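>>> Got a predicted model here, sequence first, then my questions.
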Amino acid sequence: MRGITLVGFALVLVLSILVSGVQASTQLVIMVKDATDETLVDDAEVYINSQYVGKTGMDGGFTYVHPADSDLDFIIKKQGYRSWSGTVGQYSTSLNVFMERSQKTLYISVYDVETIVPVHKAEVSITNDDNTAVQKTDSGGKVEFEVQTDTSYDLEIRATGYQTYTSAIEMGAEDKKVQKYLTRSGKFVFSVTDALTGLPLEGAEVRLDKIQEGFTDDGGQLPLYISREHEYLIEVIKQDYIPYSEEVYLSEDDALLFVPLSMSHYQLTVSVRDAGGMAISGADVDIGGDSAGITDAMGVCGVNDIVAGTYRIEVAARGFDDWSEDVIVSGGSETVYVKMNFSQVPLNLKVTEPSGKPVIGVLVLLDGTSIGFTDVNGNLETSVGSGVSYVISLSKDGYISKSIGMSIPAGTDEMTETIAIEPEFPAFFVALSVIIGIVIVVGGLIYIRKEGMSSRRSRPDRKGGLGKRPGGRDL
């Protein structure tokens, strides 16, 4: 009996220990899932009674063993999700947590792909699973959506006159800004070319029903988005070209209009004058390498049918230097005023004494400017402009300085001029000449006086006889 009692006591003791062990170590299995799609959430932080105890694994699970002596307060955190909190009973062995994704803002801006102008009232929709949100862009082409983080959305944008745009957007854990560009539908292209060369014309103005729509690019094209099944007054204007104007009906199938422009024709007049403003007749005029004729009595020559462009004008006239210049003809008729300079001609000067003897080393001035000295032959060569008058001054010691006027006729090929200068007498010879002159004068006076006295001695008295001196002496 006593043995049985001991065995029973031992069994009770073992059962007590087992029961006590179970109460001391309850195991709680936690599974964390996404509330939207129930995918497992890994790396979620687990806090129990405000103490961090670990993170969920790749399978979204976390196991916690605790003494079953009280309920547990849980907080579970994960970036991109709203924090979850709750209380678990002390004997609970499992916990399923569904975490709501946090809300972030998706900013979408919509622009025209060509003009980069915001598209107003474009319909923008984003879809996630079966949930769709729709908004229209404001005047700045912008919309905003509150969306879940770490979520994919299908984006669709529709706008009148534009092709529908679709794409996918991946939201992360932060706000996101995206820009989208719409391509217009109903594109129509104007292609403007030179009618003669076929080359594209840049900068041609295109008007529809008198309203300016734009200018062609360097390829001669201007794309526009315009309504079809409509008639337009189409005008194409380009400087130096004949304007295009036509009523054109555009059908749905029309996408391109070729507009060849022909160049305008202008009058080009050349007026030729000399340095003094006098008209030069008979001057040869070339325009762009082709002869335009000769100038008339008014010095004018020209052509009446020339297209815009750059032309080299060349003018030649006898007695004048050739003239040439590039002239741009654009926007209307043009008059070119040409001032021609007289050409330079050789001038051969020869300085001699009146006897014809060459005078060496004579200083020659042309209009007061020295041009040199005469050589051993009394010559000096220089060049002067024709059609001009000059003053030539000559000077040399021992000679009387001299100035003369000289005119070089226009068209003169060469000019030769001989000028004689008088030698000066030396001072000694001048003084001697004066003395000789004085001697001659004095001698002449003495001679005249002696002749007068002789005449008086030989003169008879009034009675016809010789006179007598007082006292009876003959005179």
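Yes, it's here.
>>> buried ones in stretch 104-111?
For stretch 104-111, a neighbour-count test (16 or more other Cβ atoms under 10 Å) marks 104, 106, 108, 109, 110, 111 as buried. C-beta here means a position set from N, CA and C on the backbone, and glycine is covered the same way.
>>> Show me the residues you listed that map onto strands.
104, 106, 108, 109, 110, 111 (DSSP state E).
>>> pLDDT and distance to residue 202 for these - can I get that in a markdown table?
Putting these into a markdown table (pLDDT from 0 to 100; distance: Cβ to Cβ, whole Å) gives the following:
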| residue | pLDDT | distance to residue 202 |
| --- | --- | --- |
| 104 | 85 | 48 |
| 106 | 93 | 42 |
| 108 | 95 | 37 |
| 109 | 95 | 32 |
| 110 | 95 | 31 |
| 111 | 95 | 26 |
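>>> part of a strand, is residue 438?
No: counting by DSSP: H, G, I helix; E, B strand; the rest coil, residue 438 is not part of a strand but helix.
>>> How is the protein divided into domains?
Domain assignment for the chain, taken from automatic domain parsing, gives 24-99, 103-182, 187-261, 265-340, 344-420.
>>> pLDDT on stretch 59-78, on average?
Averaged over stretch 59-78, pLDDT sits at 90.
>>> and the closest residue to residue 266 other than its chain neighbours, what does it touch?
In space, and not counting its chain neighbours, residue 266 is closest to residue 333: 4.8 Å by Cβ to Cβ, 6 or more residues apart in numbering. Contact analysis of residue 333 by Cβ atoms under 8 Å, 6 or more residues apart in numbering lists 266, 267, 268, 269.
>>> before we move on, the earlier item: of all the ones in strands among the buried residues of stretch 104-111, which two lie farthest apart?
Using Cβ to Cβ, those reach their maximum pairwise distance at 104 and 111, which is 23.0 Å.
>>> Dump stretch 156-169 to PDB, restricted to CA.
Taking C-alpha atoms only, stretch 156-169 is exported to PDB below (Å, rounded to 0.1, in the frame of the first residue of the first chain):
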ATOM      1  CA  GLU A 156      -3.600  55.900 -69.900                       C
ATOM      2  CA  ILE A 157      -3.900  59.500 -71.300                       C
ATOM      3  CA  ARG A 158      -6.500  60.700 -73.700                       C
ATOM      4  CA  ALA A 159      -6.900  64.200 -75.200                       C
ATOM      5  CA  THR A 160      -8.800  65.600 -78.200                       C
ATOM      6  CA  GLY A 161      -6.500  65.800 -81.300                       C
ATOM      7  CA  TYR A 162      -3.900  63.600 -79.800                       C
ATOM      8  CA  GLN A 163      -3.000  59.900 -80.000                       C
ATOM      9  CA  THR A 164      -3.800  57.900 -76.900                       C
ATOM     10  CA  TYR A 165      -0.800  57.300 -74.600                       C
ATOM     11  CA  THR A 166      -0.300  54.200 -72.400                       C
ATOM     12  CA  SER A 167       2.500  53.100 -70.100                       C
ATOM     13  CA  ALA A 168       3.200  51.400 -66.800                       C
ATOM     14  CA  ILE A 169       4.300  53.300 -63.600                       C
END
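>>> buried residues in that stretch?
Buried residues in stretch 156-169, defined by neighbour count with 16+ other Cβ under 10 Å: 157, 158, 159, 162, 165, 169.
>>> Can you tell me the element the first one falls in?
Of the helices and strands defined by DSSP states H and E, residue 157 is found in strand 152-158.
>>> Direction included, what does the helix or strand just after that strand pair against?
Sequence order places strand 165-170 as the next helix or strand after strand 152-158, per DSSP H and E. When pairing is defined by DSSP bridges, strand 165-170 lines up against strand 152-158 (antiparallel).
>>> who touches the partner strand?
For strand 152-158, contacts defined as Cβ under 8 Å, 6+ apart pick out 106, 108, 110, 122-128, 147, 164-171, 180, 182.
>>> now the angle from it to strand 103-112?
In terms of direction (axes from the mean of the first three to the mean of the last three Cα atoms, to 10 degrees), strand 152-158 departs from strand 103-112 by 30 degrees.
>>> quick one on the thing from earlier: among the domains of the chain, which comes closest to residue 442?
For residue 442, the closest of the domains of the chain is domain 344-420, at 30.8 Å, according to Cβ to Cβ.
>>> mind checking the end-to-end distance for the closest one?
In domain 344-420, first residue to last residue: 25 Å (Cα to Cα, to the nearest Å).
>>> Kindly report the same for stretch 197-210.
Separation of the first and last residues of stretch 197-210 by Cα to Cα is 28 Å.
>>> from the chain's centre, how far out does it sit?
How far stretch 197-210 lies from its chain's middle: 22 Å, per Cα atoms, centre = their mean, to the nearest Å.
>>> quick one: buried residues of that stretch?
For stretch 197-210, a neighbour-count test (16+ other Cβ under 10 Å) marks 200, 201, 204, 205, 206, 207, 208 as buried.
>>> Next, format those as a markdown table and append secondary structure and distance to residue 386.
Converted to a markdown table, the buried residues of stretch 197-210 look like this (DSSP: H, G, I helix; E, B strand; the rest coil; distance: Cβ to Cβ, whole Å):
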| residue | secondary structure | distance to residue 386 |
| --- | --- | --- |
| 200 | strand | 52 |
| 201 | coil | 49 |
| 204 | coil | 51 |
| 205 | strand | 53 |
| 206 | strand | 58 |
| 207 | strand | 58 |
| 208 | strand | 63 |
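>>> how about the residues you listed in CSV, adding pLDDT and distance to residue 41?
Formatted as CSV, the buried residues of stretch 197-210 follow (pLDDT from 0 to 100; distance: Cβ to Cβ, whole Å):
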residue, pLDDT, distance to residue 41
200, 96, 62
201, 95, 65
204, 96, 64
205, 96, 63
206, 96, 60
207, 96, 63
208, 94, 60
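>>> can you pull out the strands in the stretch 101-250 of the chain?
Remark: strands assigned in the stretch 101-250 of the chain by DSSP state E, counting those that start in this stretch are 103-112, 123-128, 131-136, 142-148, 152-158, 165-170, 176-182, 187-194, 205-208, 211-215, 221-225, 230-237, 244-250.
>>> other SSEs contacting the third one?
Under the contact definition 3 or more Cβ pairs under 8 Å, 6 or more residues apart in numbering; DSSP states H and E, strand 131-136 sits against strand 123-128, strand 142-148.
>>> what's next to stretch 83-99, contact-wise?
With contacts defined as Cβ under 8 Å, 6+ apart, stretch 83-99 is touched by 26-35, 38, 41, 44, 68-78, 81-82, 100.
>>> thinking again about what came up before, any idea how far the residue nearest to residue 266 is from residue 289?
For residue 333, the distance to residue 289 equals 21 Å [Cβ to Cβ, to the nearest Å].
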